[in-house]
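Chemist: Sequence first, predicted coordinates after that:
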Amino acid sequence: MKQSALIPILVLTAGVAFGLGWIAKPNGKDGQADENNSAGGGSKSGVSSSRPSHPSGPGNSSKGSGRVEEFLSRYTSGGTISPEDMTTAIEQMRKENDPLLRRKLFTELLENLTPENAKAAYLALQSGRRGWGRGGGDDELRLMSHAWGSIDGPGAIQALTEMRAERESGEGRDRGRGREGDRGGFELVSVLSGWASADGKGAADYVSGIEDEREQRMLAFGVVRGMMVNGVDEAMGYVASLPKTEDGDRAQSWYMSTIASEMLEEGLDSAKAWVDSINDPDLKGGALSRVAESAVREDLEGAVEWVTQYAGEEAGQRAVNRVADEWAEDDPQAVLTWADSLPDAARAEAYGEAFQEWTRQDATAAGEYLTNMEPSPARDSAVEEFSTSLSREEPATAIKWAETISNEEMRTDALTEVARSWYFRDREAATQWLETSGLPEESVQAVTADRGGRGRGPGGGPPRGR
C-alpha cells in the first residue's frame, strides 16, 4: 500500500544520506580512508589516518608520497597551516588534474584542519566547487563540513549559520547558482555528523534547542549518522530519546532505517538478529521494514517466514508492506494467498500492495477478483490501490470503485487522489463530478490546486521534495 508522504524534511534528508553514507562509517569503512589510505598520524579531524603498505603503483608510489609531502611543506609552519596558507593550499589542490593525487592532497589538508583555519578552508573549497564533474566539489564540501564539525562543532555551526543568513538576506546572493538554501542545509547536517562523532551529547543538546521543527529533524539526521561512527547503540539511544511527533513517528522510523542500512553491511543474518534483539516497538518498526526490504530481494522464502512472525505487531505492518511490494512485482496472486494467513491490519497492507501491482499487470482480472470480495479492511486497501492505479487510464471508472470503500477516511483520500488525476486530464468532467461529490472543501481545494511549475503540492501544501 502506498505510504503517506514523509514529512518534507525527510525528502531532503534522503538526498543528504548519499552525501553522508560514506563519510560517517565506523570500523575503518570511511569512504575517504578506503580510497586514500594516505593520511598521516595524529589526525585532528577524525578522518582515518591508517597508512597500510602497498606494492608500488600510481596511487602509492614513493614519488607520489614525496609530492604530497612537498606540497604540505609549502604551507605548513610550526606544524600548522595558517588560514591564509590554507586558502592558497585549497586553491592549488583544486587545480590538480590527477584525481588520486587530488584526493591525497585533500586528505592531508583535512588532517591539518584546525578551528583557526577551518573556515578559510571551507570558503576556499566552496568558491571553487565543481559539482559532480572534475573534482567532485559537492562531496568534498560535505566531507570538509564533517571534518570541521568533528574538531569544532559549535564554531562550524555558528559560521555556517551566519553564511546562510547572509545568503537568505539577499546580500551578495548569486541567483544563478540554484538552491543555495538547500545546499547550506546539507552542509549543516554534515557538520552535525562530524560534531556527533566526536561529542554526541553536545551535538544532540544543540539540536534539541532548535525551535524550528523542520530544521531540528533535518539536523537530527546528522547526529544519528555521526553517532553511528561509534556504534549503533549510541545512535539508537538518541533516536529513542527524541520526542514523539504527530506524524506517526515517521521521522523516528526513518532514522532507524538509516541505522539498519549500516547493520546490513555486516550481512543479512546479522541484521536480522539485530532487529530480533530490539525490544522497543517504537524503534523496531523502521529497522524491521528496512531489513525486510533487503531480505526479500536476497531470500524471498526466508524473508516471508521471518516477517510473518511480526505480522501481528504494529511494528511489523510496514515490513509486511515492504515484502508484499517487492514480491507482488513477480506474483501478486501469491501475495494475496500469503495475506489471507495474516492478521487483519497486516492483511490489508499486503492486499494493497498486491492490487497496486496486479492492476498494472491485468486490471480486468483484478477488478473481477474485487467484485467477489466481501467488505473488509483488506478490500478497502485493495480498492484504494486499484482505483488510484486505474485513474491514470479510466478516471471515471476509478471514481466509481473508490466510492465503494467502506472506511470513510480512506474513501475520502482515494476519491481525492483519483479526482486529482481526473481533473488534470479532463477538467470539465471532473469539475462537474466535484459539484455533487460531497467531498470536504479541503479535499476539493486539493483536487483543484495548481500543480504546474512551482505550484502547490498535494493537499495544497508545498510541493514534495522542497
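Modeler: The structure has been received and is ready for your questions. Not measured: the values here are computed from a predicted model.

Chemist: Grab the nearest non-local neighbour of Ala334.
Modeler: Distances taken as CB to CB, 6 or more residues apart in numbering put Trp327 closest to Ala334, at 6.8 Å, once the chain neighbours are dropped. Placement of C-beta: from N, CA and C, glycine included.

Chemist: Would you mind listing the outside residues contacting the helix or strand harbouring the one you found?
Modeler: Trp327 is part of helix 314-328, with elements assigned from DSSP states H and E. For helix 314-328, contacts defined as CB atoms under 8 Å, 6 or more residues apart in numbering pick out 1, 3, 253, 281, 284-286, 288-293, 295-297, 300, 303-304, 307, 309-311, 334-335, 338-339, 342, 345-346, 349-350, 352-354, 356-358.

Chemist: helices or strands next to the host helix or strand of His146 in the packing?
Modeler: Secondary structure assigned from DSSP H and E places His146 in helix 137-169. Under the contact definition 3 or more CB pairs under 8 Å, 6 or more residues apart in numbering; DSSP states H and E, helix 137-169 sits against helix 8-21, helix 99-111, helix 118-127, helix 180-198, helix 200-208.

Chemist: Need the winner for burial among these.
Modeler: helix 180-198 (a mean of 24; mean count of other CB atoms under 10 Å).

Chemist: Tell me how far the residue nearest to Ala334 lies from Phe221.
Modeler: 30 Å (CB to CB, to the nearest Å).

Chemist: Same question for Gly194.
Modeler: Distance from Gly194 to Phe221, by CB to CB: 13 Å.

Chemist: what does Met256 give?
Modeler: For Met256 relative to Phe221 (CB to CB), the value is 12 Å.

Chemist: which one of these two has more residues nearby?
Modeler: Under the neighbour definition other CB atoms under 10 Å, Met256 and Phe221 were set side by side, and Met256 has more, 29 against 25.

Chemist: Need the pLDDT of that one.
Modeler: On the pLDDT scale, Met256 is placed at 95.

Chemist: Could you double-check that it lies in contact with Val275?
Modeler: No - if you go by CB atoms under 8 Å, Met256 and Val275 don't touch, sitting 9.6 Å apart.

Chemist: Find residues that contact each of these two.
Modeler: Joint contacts of Met256 and Val275 (CB under 8 Å, 6+ apart) are Lys284, Ala287.

Chemist: circling back to that earlier point, and the helix or strand following the helix holding Trp327, what does it pack against?
Modeler: Using DSSP H and E, the helix or strand that follows helix 314-328 in sequence is helix 332-339. Applying 3+ CB pairs under 8 Å, 6+ apart, one finds that helix 332-339 contacts helix 314-328, helix 344-371.

Chemist: What residues sit buried inside the first one?
Modeler: When neighbours are counted by 16 or more other CB atoms under 10 Å, the buried residues of helix 314-328 are found to be 315-328.

Chemist: what do you get for the longest one?
Modeler: Judged by neighbour count (16+ other CB under 10 Å), helix 344-371 contains these buried residues: 345-359, 363, 366-367, 369-370.

Chemist: Report the angle between it and helix 314-328.
Modeler: 40 degrees (axes from the mean of the first three to the mean of the last three CA atoms, to 10 degrees).

Chemist: so what secondary structure elements neighbour helix 344-371?
Modeler: helix 314-328, helix 332-339, helix 377-390.

Chemist: That helix vs helix 332-339, what angle?
Modeler: Going by the same axes, to 10 degrees, helix 344-371 makes 140 degrees with helix 332-339.

Chemist: Just want the angle from helix 344-371 to helix 377-390.
Modeler: Using the same axes, to 10 degrees: helix 344-371 against helix 377-390 is 60 degrees.

Chemist: Quick one: mean pLDDT for helix 344-371?
Modeler: So the average pLDDT for helix 344-371 ends up being 95.

Chemist: Of all the helices and strands in the protein, which has the lowest average confidence?
Modeler: Lowest on mean pLDDT, DSSP states H and E among the helices and strands of the chain sits helix 31-36, with a mean of 38.

Chemist: and the helix or strand that it is followed by, which residues are buried?
Modeler: Toward the C-terminus, helix 31-36 is succeeded by helix 62-75 as the next helix or strand (DSSP H and E). By neighbour count with 16+ other CB under 10 Å, helix 62-75 contains the buried residues Gly64, Arg67, Val68, Phe71, Leu72, Tyr75.

Chemist: quick one: the fifth one and Asn112 touch, right?
Modeler: It stands for Leu72. Yes - the criterion here is CB under 8 Å, and Leu72 meets it with Asn112 at 7.2 Å.

Chemist: okay, and for the stretch 101-250 of the chain, where does confidence drop off?
Modeler: 128-137, 170-184, 245-248 (pLDDT under 70).

Chemist: Give me the distance between the two termini of stretch 107-120.
Modeler: 16 Å (CA to CA, to the nearest Å).

Chemist: try stretch 305-316
Modeler: 12 Å.

Chemist: who's in contact with Ala396?
Modeler: Trp422, Ala429, Trp433.
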